[in-house]
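Trainee: 3D model of this:
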Amino acid sequence: MSEEGNIRVFLLDDHEVVRRGVHDLLSAAEGVQIVGEAGNAAEAPDRIPATHPDVAVLDVRLPDGSGVEVCREVRSHAPTVACLMLTSFADDEALFDAVMAGAAGYVPKVIRGDDLIRAVREVAAGHSLLDPKATAKVMERLRGGGTRSESVQADDLGLSELTTPEQRVLDLIGEGLTNRQIGERLGERERTVKKHVTSILGKLATERHSVE
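Mentor: Residues are numbered from 1 along each chain as shown. Got it, this is the predicted structure:
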């Protein structure tokens, strides 16, 4: 937090109107300070750590990348930053993105203002908004476990398309490891892990995004 005790927040969203609306909402909240903004995935990984935020509110879908990948990169180099994913997806899909990102939680874009402020304060205080049981169920489904219908859903997401190295990376993501930690565990460069994560997200999201 800042010397004044404010919660420092960084915003990432490619829609200026949405970003400005969230900025104005949070800025008006007592004890919250906006310290930076970005409109694309390319500039965010450098700008976020430079502003030393307590919380980063990240749009999941960006024109030049994914908020999930941004979150993973930021968490690898600035693990004290709590990431809150801003999403238009349904609950199961939003939970999947938050788990993949290593985020502290997610909020829908249709969230009420008071609820968004409350969520920012919760993750800034070190709390997770993710239900551990729901998170474990999502990862079990992605590994091909669970019921028959859940396994079919996993296949529909593209799980069968993952290579063996990608499956190893996915398993470690499920354990909550950052890209850097995964690289250390597997003896791989962080850049290689990032490529695997990008490929995993592309394969698992193809079906979902084509429907959307």
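Trainee: Going by C-alpha atoms from here, please, whenever you check contacts or count neighbours.
Mentor: OK.
Trainee: what helix or strand is residue 85 on?
Mentor: strand 82-87 (DSSP states H and E).
Trainee: same deal with residue 128?
Mentor: Residue 128 belongs to no helix or strand, assigned by DSSP H and E.
Trainee: Can you give me the neighbour number for it?
Mentor: 18 (other Cα atoms under 10 Å).
Trainee: Report the contact partners of the nearest residue to it once chain neighbours are set aside.
Mentor: Spatial nearest neighbour of residue 128, excluding adjacent residues (Cα to Cα, 6 or more residues apart in numbering): residue 104 at 4.8 Å. Counting by Cα atoms under 8 Å, 6 or more residues apart in numbering, residue 104 makes contact with 82, 83, 84, 98, 123, 127, 128, 129, 130.
Trainee: Look up how far residue 62 lies from the most centrally placed residue in the chain.
Mentor: Central residue of the chain (Cα atoms, centre = their mean): residue 101, 3.6 Å from the mean position. According to Cα to Cα, to the nearest Å, residue 101 and residue 62 sit 14 Å apart.
Trainee: Strands along this structure, start to end?
Mentor: 7-12, 32-38, 55-59, 61-62, 65-66, 82-87, 105-108 (DSSP state E).
Trainee: pull the helix or strand with minimum mean pLDDT from the protein.
Mentor: helix 148-157 (a mean of 44; mean pLDDT, DSSP states H and E).
Trainee: quick one, what contacts the residue nearest to residue 121 when sequence neighbours are not counted?
Mentor: Nearest residue to residue 121, sequence neighbours excluded (Cα to Cα, 6+ apart): residue 7, at 7.6 Å. Residues in contact with residue 7, defined by Cα under 8 Å, 6+ apart, are 1, 31, 32, 33, 53, 54, 55, 121, 124.
Trainee: Of those, which is the nearest to residue 173?
Mentor: Taking Cα to Cα as the measure, residue 173 sits nearest to residue 55 out of the contacts of residue 7, at 20.7 Å.
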